[in-house]
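K.L.:
fold the following and give me the result.
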Amino acid sequence: MYQVPTVVWNEIAKSQALSQPWVTLFRMTQQELPAGLEKLVDAPLEAQGADNKTVLAYRLVAPLLQENEAISDYIMLVDNPSLRASLPELTSVNEAVILASQEYLLNPSQQAKLTQLLTKALQG
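P.N.:
Sure thing, here's the model as predicted:
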């Protein structure tokens, strides 16, 4: 969630319908975000057996995957396609795992765990 300024997440939250926990996180200030991520993302993932690198990877790709439509609608609304450089369109768990693996050099067990976590998040 640190790939764009907090103000961009705030604007997305104001203009789009979002799911939890992202609606809460997208509305947070720069100062609130670290504690919010720890409480709403990191702790639940760690309780499910995710290691630190997998949690960081999830933070990067889960909002892009789960809120893909809202992010795309926002980019069209503000007519700023350059935002795609930092908010890539992810339409599948596989795409998300590939991006996260490139960014964090995930090993196969971390990739499997991330796949499991993202699949569960999309179903919930």
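K.L.:
use CA for all of it now, contacts and neighbours both
P.N.:
OK.
K.L.:
for the protein, identify the residue most remote from the centre.
P.N.:
For the chain, the residue at maximal distance from the C-alpha centroid (C-alpha atoms, centre = their mean) is Asp79, at 21.7 Å.
K.L.:
can you give me the helices for this structure?
P.N.:
Secondary structure of the chain (DSSP state H): helices at 6-15, 22-26, 33-37, 43-47, 52-66, 68-78, 93-104, 108-123.
K.L.:
list the buried residues for the longest one?
P.N.:
Right, the one you point to is helix 108-123. Residues of helix 108-123 classed as buried: Gln110, Gln111, Lys113, Leu114, Thr115, Leu117, Leu118 (neighbour count, 16 or more other C-alpha atoms under 10 Å).
K.L.:
for the protein, give me the ranges with low pLDDT.
P.N.:
Of all residues in the chain, none has pLDDT under 70.
K.L.:
so what's Leu114 closest to, chain neighbours aside?
P.N.:
Excluding its sequence neighbours, the residue lying closest to Leu114 (C-alpha to C-alpha, 6 or more residues apart in numbering) is Thr54, at 6.2 Å.
K.L.:
neighbours of the one you found, how many?
P.N.:
Using other C-alpha atoms under 10 Å, Thr54 has 28 neighbouring residues.
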